[in-house]
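Colleague: I would like to see how this sequence folds:
(chains A, B and C)
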Amino acid sequence: MFRIINQVFQVTRFSLASLPQRKGSSLSAMVGIAGVVVVMVGVLSIAQGIMATMKSSAGEANVIVMRSGADTEMTSGLGGDEARLVTEAPGIARQDGQPVASRELFVIINLPMRSTGTDANVPVRGVEPQAALVREGFRLVDGRMFTAGLNEVIVGVGARQEFSGAETGSTLAVGSEQWPVVGVFEAGGGLSESEVWVDAPVLQDAFRRGNSFQSVHATLERPEAFQDFKDALTSDPRMNVKVQTEAEYYEGQSRLIYQLVTGLGTLIALIMGLGAIFGALNTMYTAVASRTREIATLRALGFRSGPVIASVLSESLLLALLGGIIGAALAWLAFDGFRAATLNFSSFSSMTFAFEVNTPLLVQGIVFALFIGFFGGLFPAIRAARTPVAHALREL
Amino acid sequence: MKYLSLILGNLRRHKLRTALTLLSIIVAFLLFGYLAAIRSAFLAGIDVAGEDRLITRNKVSLINLMPMAHQAEINRVEGVDFATHNTWFGGIYQEPSNFFAQIVVVPEQYLELYPELELSDEDRQRWLETRTGVMIGKVLAERFDWKIGDKIPIMNPLWALKGGDRNWTFDVAAIYDAREQGIDTSQMFIRFDYFDEARQWGQGQVGWYVVRVDEPDRAGEIAAAIDAVFANSPDETKTEPEGAWYQGFANQVGNIGFIITAIVSAVFFTILLVAGNTMAYSVRERIGELAVLKAVGFTDGAVLGLVLGEALVITAIGGLIGLGLAWLLVAAGDPTNGAMPVFFISVRDLLLGGVLILALAFIAGIFPARTAQRLQVADALRR
Amino acid sequence: MSETAMASTQTTEPRPGNELLVDVRGVDKVFTRGSETVHVLGGLDLQIPKGEFLALMGPSGSGKSTLLNLVGGLDRPTEGSVTVGGQRIDKLSDRKLAGWRARHVGLVFQFYNLMPVLSARKNVELPLLLTKLSGKERRKRAELALEIVGLSHRLNHYPRQLSGGEQQRTGIARAIVTDPTLLLCDEPTGDLDRKSGDEILDLLQALNTEQGKTIIMVTHDQRAADRATRTLHLDKGRLSSEPQA
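Modeller: Now for the predicted structure:
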């Protein structure tokens, strides 16, 4: 057993020692594999980023209540009284005697994007003051909170980056009115950061919504209270509502786009990976061909085919590993934290997010590279081991 | 093409190597074609937008409705041929993931404004005679296997029927096709007269207007004139050319064009390395033969051309097969099974593919070809 | 010693009464390898009349192949002039030189140097690709050349399917297919067994006597040199009619 390992080690050392002579083809295989990993990690980091945004939108003990049958806030509608009853339900956390719950409206206004100058659907949320308590990680990073009853707005950091005029001291055109921006907030990286917030009654007036809302966001005393809270609301004959944890709600919102991007990213990576396998096969066949005599000599000296296979395989795995690490590192440097905006199809409005290159993704990229290396090396390795010794010695 | 046998012979020399190079080139062009189709889906509408059509929406946002009365006023604007209104229906068929666009229109007016929709006289007549009738696109019909006469239940979270029921039922009255590539046939059109009467609230309110102008050259001017009519009214408007309207949507989805270009560049860079390296290797391997060619009188230029020709042949074969496969794959349907508005490889992208074939062949072949060109016969033969 | 070998005692002087085909005058050839310079040929003169079959002998490294390359326009002298058929070829551009080779010189190599990917006929056709001949005409001439070397039955065979002798005959067919005046052969029998070698020499001799081809043949083999009309020995860059002891 030890002898075989020693043989493998020796033969592999030979093959690696000749690597510099095959710089060109080895390098091209390596860079090829790196390219595949960059694209794969890059595309998947978009999906990861969207997912992360949605996840951080959801507070651990937070719930969202909408009209039964509505699957987004856009299509929901709650009467003012109905919404007030929701905020008074048992299980909702209280602070200074007030329930930590916010009755909210959700509309869209058009603002030009900074990048292209064309209009984007910007989500505008009418909130009650408690909204800041409900959102985990809510913090003003610039200016101040809007004043209740005035048409002042605050904007999320994502919105500030994407839309013209979304900054403190500027004004936003809402129909024929100009609403001053008085502050900028962050909200733990969640979806709210893409939004513009304004006092709910102001928005109700501006959009002729009477005293109606679209959702209630609330924080429960503890996450386990959810079932009781839900039962209490759904069994209440005075209302007709749908109760979800925020986690459920946002997961549902991002599922489609997450699946689409992940599916496409995986498909592209697989096809590209196939191309890289062909490239690696070419490189390794060439490597084996250029070492035919050397391999035959080793075999003639009594080395078994196992170590020969192992040496070719380990060379291609080494190249793949280096390619994978380079690719993963490049993807991480280029994409991690890169901010972008897209259209959230379920609310028909813009959402901003940051590409997220996380450890599982990096590992996935490197493992994929090793796969390419394995398949790219396997067949050439077998060919090397099968080369008839006498014939090969005569060659060259 | 008297050198063809020499080129083909060289490619046949190492069949496995040639096959692998060919396969990697096929993969590159397959991806190129497929991504071009995905790009077309995201940029749907921009290319086929009518030059003589404007879209007028509520200035606040698309989701804010406008009064139907705007129609008559827009029609009176100088330079406007006529306007019709559309409304977003936004219903769900069985599952939210079955998404497709449902638009409420005035049939005669809509069909007049969109002559690119192809519809048989029979279907047209049937739709005009059926109040609950809908006109659906060919792709949509195929997606859910809907036939003329089928009843389609649609739940609508946005619009309720009188009495509060949210479950609407429509009859498939007509199926339309596109007269040219790139036109969305994944939509459903509902009759406005039925919708307006049946909905619980919002009577007389519509989503946006499509306006046809007499002279496309004056579109900007006319758009401004329309917006001026409603300035300082409770429902101010924003009017823009149809192409800009679609471009606006595409911009919001994100810079898909850029992302796809980046991916395709990475793919081609990778393939370039693989193919270029293989070609360089195969030239090094037969330096002697190339020297013999020169010895018998081939000029340096001819040898350069020969190696480049070899690169071109392999790239062209691989590229054409790859594009062909992409074409077949795209024709078989989009990856979301019908949710993309259009999914096709445009002629422009095919031509671009052709240019890429030439470029790839040139870049991959030029370095080995230069090696071959510079080869000193006497030195190489002495080897 | 044969009669022809006797004639070669005239050394570098051409046989009178014959038109001069090759005229090499005062040729130096210096190779540079790194910092080292090697004088291969020095002040060499060589005149070859039309219709001669010249054998060039000498030890390895004596400059035989270099001389052959100079006469064949594959290389240029460092000093001196090379005139073939009245044309100063050492002054031609690479491009013109290639065209000149295609028209005037047929080359035969020790290791045949056939294209492994082409059939015998296609190999012979190769130099004709540089002409304006039609495909049909090229084919006809290639077949004729193969007929002359006695390979009509091997038209569609690939080099690896041919014996060494057959490969060399294909090489000769390729050299004569353009009907050049000058045939340059670098050790044409060096890689062949005696019987095949003799056949090749028969063929060259026939080409010389029957078709009037001027042939310069570099060889190690005295038996091969015996077939020539004149033999010259090259040693340390100098020509003489006798081998140096």
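
Colleague: quick one, phi psi at residue C:49?
Modeller: With angles defined as degrees, to the nearest 10, residue C:49 sits at phi -80, psi 160.

Colleague: so what's the residue count around it?
Modeller: 19 (other CB atoms under 10 Å in any protein chain shown). Where C-beta positions appear, they are placed from N, C-alpha and C, glycine not excepted.

Colleague: ditto for residue B:166
Modeller: 18.

Colleague: check the one 5 residues further on too.
Modeller: For residue B:171, the count of nearby residues is 16 (other CB under 10 Å).

Colleague: I'd say residue A:40 and residue A:368 touch.
Modeller: Yes. Using CB atoms under 8 Å, residue A:40 is in contact with residue A:368, at 6.3 Å.

Colleague: common neighbours of those two, please.
Modeller: A:269, A:273 (CB atoms under 8 Å, 6 or more residues apart in numbering or on different chains).

Colleague: list the contacts of residue C:207.
Modeller: For residue C:207, the contacting residues are C:148, C:172, C:176, C:183, C:213, C:215, by CB under 8 Å, 6+ apart.

Colleague: most neighbours, which of those residues?
Modeller: Ranking the contacts of residue C:207 using other CB under 10 Å puts residue C:172 first, with 27 neighbours.

Colleague: quick one on the thing from earlier: sort out for me which of the contacts of residue C:207 are in helices.
Modeller: Applying DSSP state H to those, the entries found in helices are C:148, C:172, C:176.

Colleague: residue C:105: which of those is nearest?
Modeller: residue C:176 (10.9 Å; CB to CB).

Colleague: the strands in chain A, which residues?
Modeller: A:62-67, A:94-95, A:98-99, A:101-112, A:119-127, A:138-143, A:153-156, A:171-174, A:177-187, A:196-199, A:215-219, A:241-245, A:339-344, A:349-354 (DSSP state E).

Colleague: now those strands in TSV, with distance to residue B:132 and mean pLDDT?
Modeller: Formatted as TSV, those follow (distance: least, CB to CB, whole Å; pLDDT from 0 to 100):
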stretch	distance to residue B:132	mean pLDDT
strand A:62-67	26	93
strand A:94-95	51	90
strand A:98-99	46	91
strand A:101-112	30	92
strand A:119-127	31	91
strand A:138-143	48	94
strand A:153-156	43	95
strand A:171-174	38	88
strand A:177-187	41	93
strand A:196-199	40	95
strand A:215-219	32	94
strand A:241-245	29	93
strand A:339-344	32	83
strand A:349-354	32	86
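
Colleague: for residue B:276, which of those is the nearest?
Modeller: Judging the strands of chain A by CB to CB, what sits closest to residue B:276 is strand A:339-344, at 33.0 Å.

Colleague: by contact count, what packs against the closest one?
Modeller: The elements that strand A:339-344 packs onto, with contact taken as 3 or more CB pairs under 8 Å, 6 or more residues apart in numbering or on different chains; DSSP states H and E, are helix A:23-57, helix A:157-162, helix A:246-290, strand A:349-354, helix B:242-253.

Colleague: list the buried residues in it.
Modeller: Within strand A:339-344, the residues that count as buried by 16 or more other CB atoms under 10 Å in any protein chain shown are A:340-344.

Colleague: pLDDT below threshold where in the chain?
Modeller: I'll assume chain A. Scanning chain A for pLDDT under 70 picks out the ranges A:1-3, A:14, A:302, A:390-396.

Colleague: not quite, go with chain C.
Modeller: Per-residue confidence for chain C (pLDDT under 70) gives these ranges: C:1-18, C:244-245.

Colleague: just the helices from it, written as ranges.
Modeller: Under the criterion DSSP H, helices of chain C are mapped to C:3-7, C:64-71, C:94-104, C:120-125, C:135-148, C:164-176, C:194-211, C:222-225.

Colleague: I am finished for the moment; much appreciated.
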